[in-house]
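>>> everything below, folded, please.
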Amino acid sequence: IAELYSKMNFMMKNDRTFSNELVLAGGPVHSERGFILHKKTAKEFEHSYKITDEMYLTTSADIVETFGSADAPEKYLVALGCASWTAGQLEQEIADNAWLVAPASDTILFETIYEDRYPAANQLLGIHPHNFVFSQVGHS
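Below is the predicted model of the structure:
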């Protein structure tokens, strides 16, 4: 995050402190754009989209200006790039059971270490890794 802040040509301030949070690869589309998923803040940002009463997605640089300061969202993650579907495609894929869908979990999104997020999300659905056989695909 500190490197992102620096590269965006914001003036570094002495009062800024940054955690060791990583910038994630969000997907193959718009990899030059940042997408910040964050908890609700008192400050409104230029391009924020409400996902739930407490969760927002912001795509404007004004949120990056708050990183390392008291105005930053309490919890956030940053991704460069996103995935993309045609109109209705994702809904159809969900209807076709191509996706496993679970409620969003603040704990998984913001507190679980990255390599444990996928198994933690699976456990929300009652799926455990020992239920899968990886040595043989599509045959019994």
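>>> my guess is residue 41 meets residue 73, correct?
Yes: using Cβ atoms under 8 Å, residue 41 is in contact with residue 73, at 4.9 Å. Every residue, glycine included, has its C-beta placed from N, CA and C.
>>> tell me which stretches of the chain form strands.
Assigned by DSSP state E, the strands in the chain fall at 23-25, 29-39, 48-50, 55-58, 76-82.
>>> that older thread, neighbour count: residue 41 and residue 73, which is higher?
More crowded of residue 41 and residue 73, by other Cβ atoms under 10 Å: residue 73, with 21 against 17.
>>> and the closest residue to the more buried one other than its chain neighbours, what is it in contact with?
Closest residue to residue 73 apart from its sequence neighbours, by Cβ to Cβ, 6 or more residues apart in numbering: residue 38 at 3.7 Å. Residue 38 makes contacts with 55-58, 63, 73, 75-77, as judged by Cβ atoms under 8 Å, 6 or more residues apart in numbering.
>>> filter these to the buried ones?
By neighbour count, with 16 or more other Cβ atoms under 10 Å, the contacts of residue 38 hold 55-56, 58, 63, 73, 76-77 as buried.
>>> beta partners of residue 34?
Note on residue 34: beta-bridge partners by DSSP bridges are residue 80.
>>> pull the contacting residues for it.
Contacts for residue 34 (Cβ under 8 Å, 6+ apart) come out as 4, 23, 59, 61, 64, 78-80.
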